[in-house]
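Enquirer: need coordinates for the following:
(2 chains)
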Amino acid sequence: MSRDRLICDTSEWSFPLLKRFDREIGRIARDEFGLDTYANQIEVITSEQMIDAYSSVGLPINYHHWSFGKQFVSTEQTYRRGQMGLAYEIVINSDPCIAYLMEENSLPMQALVIAHACYGHNSFFKGNYLFQTWTSADAIIDYLVFARAYVAECEERYGAEQVELLLDSCHALMNHGVDRYKRPAPLSLAEEKKRQQVREDYLQTQINDLWRTIPTAAQDEKIEKTERFPDEPQENLLYFIEKNAPLLEPWQREIVRIVRKIGQYFYPQRQTQVMNEGWATFWHYTLLNRLYDEGYVTDGFMLEVLQSHTNVVAQPSFDSPHYSGINPYALGFAMMRDIRRICEAPDDEDRHWFPDIAGRDWLEVLKFAMANFKDESFIAQFLSPKLMREFRLFAVLDDDRDEHLEVTAIHDESGYRELRQALADQYNLGSREPNIQVYNVDRRGDRSLLLRHYRYNRRPLGGTVDEILRHIRRLWGFDVRLEAVDENGRVELLAEC
Amino acid sequence: MGLRRRLTEIGRPMSHFIDRRVSAKRKSAVNRQRFLKRYKTQLKQSVADAVNRRSIVDTDAGERVNIPSRDVSEPVFRHGQGGTREGVHPGNKEFVTGDQLQRPPGGAGSGSGDGKASDSGEGDDDFVFELSREEYLDLLFDDLELPNLVRNQLVGATEFKTVRAGYSADGAPSNIDVVRSLKGAIARRTALGSPYRGRIRELEEELTALLQDGAAEDDARVAELREEISKLRVRIASLPFIDTFDLRYKSFAKQPEPTSKAVMFCVMDVSGSMDEERKSLAKRFFLLLHMFLQRNYDKIDVVFIRHHTTAMEVDEHEFFYSRETGGTVVSSALNLVYDVIRDRYDSSGWNIYTAQASDGDNWESDSPVCRDLVAEKLMPLMRYFAYVEIMPRHHQALWYAYQEVDALETNFAMQQIDGPEDVYAVFRSLFQRQQA
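Expert: Now for the predicted structure:
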């Protein structure tokens, strides 16, 4: 190991040192491993600014809302009392990719964060198909600027309270604002502004489908009774409301749209937690080890990195007091490493389970996996028996009709497939979030909105249904009903408002 | 986002470092204020509880408050308990397929593989957080005021308001009025240039006439005319675009503001019948009052008077901490108030307030004297007189004497405090903002 390559052996960071580390890490990431990233914008911030960033759901800029203030006070509180450490870093899916580094971090931590966020997450944002499909990295910051200014303008014009009520209602439906099967139009600030006015006028003329009172011929009416509106059930509640709610003012529609667009921006993140964190962890581990191998950092530096790495990927057992579900960092990192192992040194079991990747170029396979999967399919495709054994995974079936829980599969030959399927299913958005759809609008009668909850495994909706319906009612302007449909197609009325 | 640049265009992506630590502090302040505003009712309740709980010495710090978390929750559609679910967990030790397990207490199928426990809180735990001192006092004294405060126009007033006073020809550069100055410049240029322009017009007419008559370009007169015209044009062009003479400055003048001068007399009974508990209640009351005055009124005089058989004007420290005691003659304090007013606070210039605290135990024949003193001598000078009786064993002559005053005067108020929990409530009721 040559001493002259050593970057430094202090643990205090400085901007020149950060730049030096970034250059070396970036060089290895690009030249050696061919990671394709957006440009990086690395910002050093204080812990208070980190709490700020937390409270606006990690966005660098956002409109004002009390709920962010609530988030802020509670984060600040737990942080000040030492109940919670802050994340070392926050990274934003934008182009250039913005990463926040806390000033309290030591130099090894900063290097770890640069490798993790600026090369790991960054390349994931740029490569993964979900992010490519659902988010526009180059436009998000501009869009947020637009959104903030627009909301502020509405507050001035219509009163902060009106806007707050509307945002409350929209936030209640934020997770139901995505078209899962359609590619949304890309964002652009200039177009957004230009189109906003046009859209406003146009929309107001379009929604009147519900108001149409011109009498139609008698047979039309018969047909219409059997026809529903919308023709097909729609799962994008916010979009449906934006386009069809009869009483909303144009500015209100625009705000519904803003919440919908921001919700959509987070849609891929909710589905790629294991992969995204696993990928970033894999790369900070790999890149910093390479840095160490090449003699750029000292043993002490590496020990500090490894210590915090180990904390991050710790997976407590189900019976530990620290257990709170499967740690996405641990699972993701283990799977990425495992894929590399299967490629580089496959054994017979691997050849049997993964004939198409065993023995191939690991970097190519790993990048393919990163680009074309989400958590659910990634686990279903790549979780190996070896890992299931290492994690000692077991599946428990909880059926409220039975008195006991049943262990349905463990890490043995007969259980691997079922175990893998069960774990993959846990990350299926459809099973994690209730499936609520717009089923019908009573166009000829009281204009009430009918929603249907399609039950999954007989799971009912949780406590706050009435409150949410009040929010939907506020947006829709007329009665709202919610029906539940069970697996046999039986329908029952859950609530109305 | 000031420093955004498309760096990708310069070939390979590169990194750009920004030190954000210096900028944009407290970005969430607005959101925090909105949150506090939204839950003001609950917070006020919490603050009212807190002020009663606190010891006297730290009435003035920030405060931990709590709001029931169901009030602050944000509803979203989610799955509830029930149905079937299959959970995968790590760390199997002895289970084999087909094992039947006892359902763990606290609900079905713990953990859904979500990776994180819910932080929005389903339970009825309180949402607890810290208010800063400012926020705490804001809530504590929200909607309170000194009643009947009158703004008096005073000679030698100390408050001034800066008002616009037209334009002047000199002043500080920062006050230059650009539009005015340029208007002046145009006028000057027009005025100074007009003789030249008139002459140019004449010469041009002559020139056109000559040329129409068929004069050649090299005719001497034509050349002469052309030269003179161009000379005149140069003169016009050399008029300065703007001159110090054009500059106009916005002028400001100070106008005296009507100010309110106010004085509060704090009168506390420290006689022997006021035991430690009563004294501490009285002190709590005056502490609140003192904090309120200091916070909401910049310029207010506070006169502290304590009395047993004799009354004495004391300073703040002595008022709150001295332990002297004796019998009770309430009128001694009222007389002292009157004397101090006569000596130092002219009632035409001052808003005068009195807050008096006592247990009502007075020397028997003194109470009618007090009534007459208050009703006849003090009330005509007062904007407001508040009397609080601290834990009276039973109402005595002073209470009934004051009731007579209360019946006569609208700006007299009396309340009684029966325990620490009443102090803040009574204080609020005495200084509640009057709805106009």
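Enquirer: for the rest of this, base every contact and every neighbour count on C-alpha atoms.
Expert: Fine.
Enquirer: any idea how far the residue nearest to B:E86 when sequence neighbours are not counted lies from A:N435?
Expert: Ranked by Cα to Cα, 6 or more residues apart in numbering or on different chains and with sequence neighbours excluded, the top spatial neighbour of B:E86 is A:L397, at 4.4 Å. For A:L397, the distance to A:N435 equals 21 Å [Cα to Cα, to the nearest Å].
Enquirer: before we move on, the earlier item: would you say the residue nearest to B:E86 is within a strand?
Expert: Yes - per DSSP: H, G, I helix; E, B strand; the rest coil, A:L397 lies within a strand segment.
Enquirer: quick revisit: out of A:L397 and A:N435, which sits in the more crowded spot?
Expert: A count of neighbours by other Cα atoms under 10 Å in any protein chain shown puts A:L397 above the other of A:L397 and A:N435, at 22 against 19.
Enquirer: show me the contacts for the more buried one.
Expert: By Cα atoms under 8 Å, 6 or more residues apart in numbering or on different chains, the residues touching A:L397 are A:405-408, B:84-87, B:109.
Enquirer: with neighbour count added, can I get these in a markdown table?
Expert: Formatted as a markdown table, the contacts of A:L397 follow (neighbours: other Cα atoms under 10 Å in any protein chain shown):
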| residue | neighbour count |
| --- | --- |
| A:L405 | 21 |
| A:E406 | 21 |
| A:V407 | 21 |
| A:T408 | 23 |
| B:T84 | 18 |
| B:R85 | 22 |
| B:E86 | 23 |
| B:G87 | 23 |
| B:G109 | 22 |
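Enquirer: least confident pick among the residues you listed?
Expert: The lowest pLDDT within those belongs to B:G109, which sits at 42.
Enquirer: which parts of the stretch 101-250 of chain B are strands?
Expert: Ranges of strands in the stretch 101-250 of chain B, per DSSP state E, counting those that start in this stretch, are B:126-131, B:160-168, B:249-256.
Enquirer: quick one, which of those is nearest to chain A?
Expert: Chain A lies closest, by Cα to the nearest Cα, to one member of the strands of the stretch 101-250 of chain B: strand B:126-131, at 5.9 Å.
Enquirer: what pairs with that closest one, parallel or antiparallel?
Expert: Partners of strand B:126-131 in the sheet, by DSSP bridges, are strand B:63-68 (antiparallel).
Enquirer: what comes into contact with the strand it pairs with?
Expert: Contacts for strand B:63-68 (Cα under 8 Å, 6+ apart): B:42-43, B:46-47, B:50, B:124-133, B:136.
Enquirer: the same query, at a cut-off of 7 Å, please.
Expert: B:42-43, B:46-47, B:124-132, B:136 (Cα atoms under 7 Å, 6 or more residues apart in numbering or on different chains).
Enquirer: what sits against B:S273?
Expert: B:D361.
Enquirer: what sits against the residue of chain B found nearest chain A?
Expert: Of all residues in chain B, B:G80 sits closest to chain A, at 3.5 Å by Cα to the nearest Cα. Contact analysis of B:G80 by Cα under 7 Å, 6+ apart lists A:459-463.
Enquirer: about what we covered before: would you single out the least confident of the strands of the stretch 101-250 of chain B?
Expert: strand B:126-131 (a mean of 78).
Enquirer: any residues touching that strand, and which ones?
Expert: A:73-74, A:77, B:62-69.
Enquirer: one more time with 6 Å, if that's ok
Expert: A:77, B:62-69 (Cα atoms under 6 Å, 6 or more residues apart in numbering or on different chains).
Enquirer: convert the C-alpha atoms of it to PDB, please.
Expert: In PDB, the C-alpha atoms belonging to strand B:126-131 read as follows (Å, rounded to 0.1, in the frame of the first residue of the first chain):
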ATOM      1  CA  ASP B 126     -50.700  12.400  23.600                       C
ATOM      2  CA  PHE B 127     -48.800  14.300  21.000                       C
ATOM      3  CA  VAL B 128     -46.200  16.000  23.200                       C
ATOM      4  CA  PHE B 129     -43.800  18.800  22.200                       C
ATOM      5  CA  GLU B 130     -42.000  21.800  23.600                       C
ATOM      6  CA  LEU B 131     -43.200  25.400  23.200                       C
END
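Enquirer: gap between that strand and the chain center?
Expert: 23 Å (Cα atoms, centre = their mean, to the nearest Å).
Enquirer: now swap in stretch B:210-220 and tell me
Expert: On Cα atoms, centre = their mean, the centre of stretch B:210-220 falls 82 Å from the chain's centre.
Enquirer: check contacts around the residue of chain A at minimum distance from chain B.
Expert: Proximity to chain B, evaluated over chain A using Cα to the nearest Cα, is greatest for A:G462 at 3.5 Å. Counting by Cα under 6 Å, 6+ apart, A:G462 makes contact with B:78-80.
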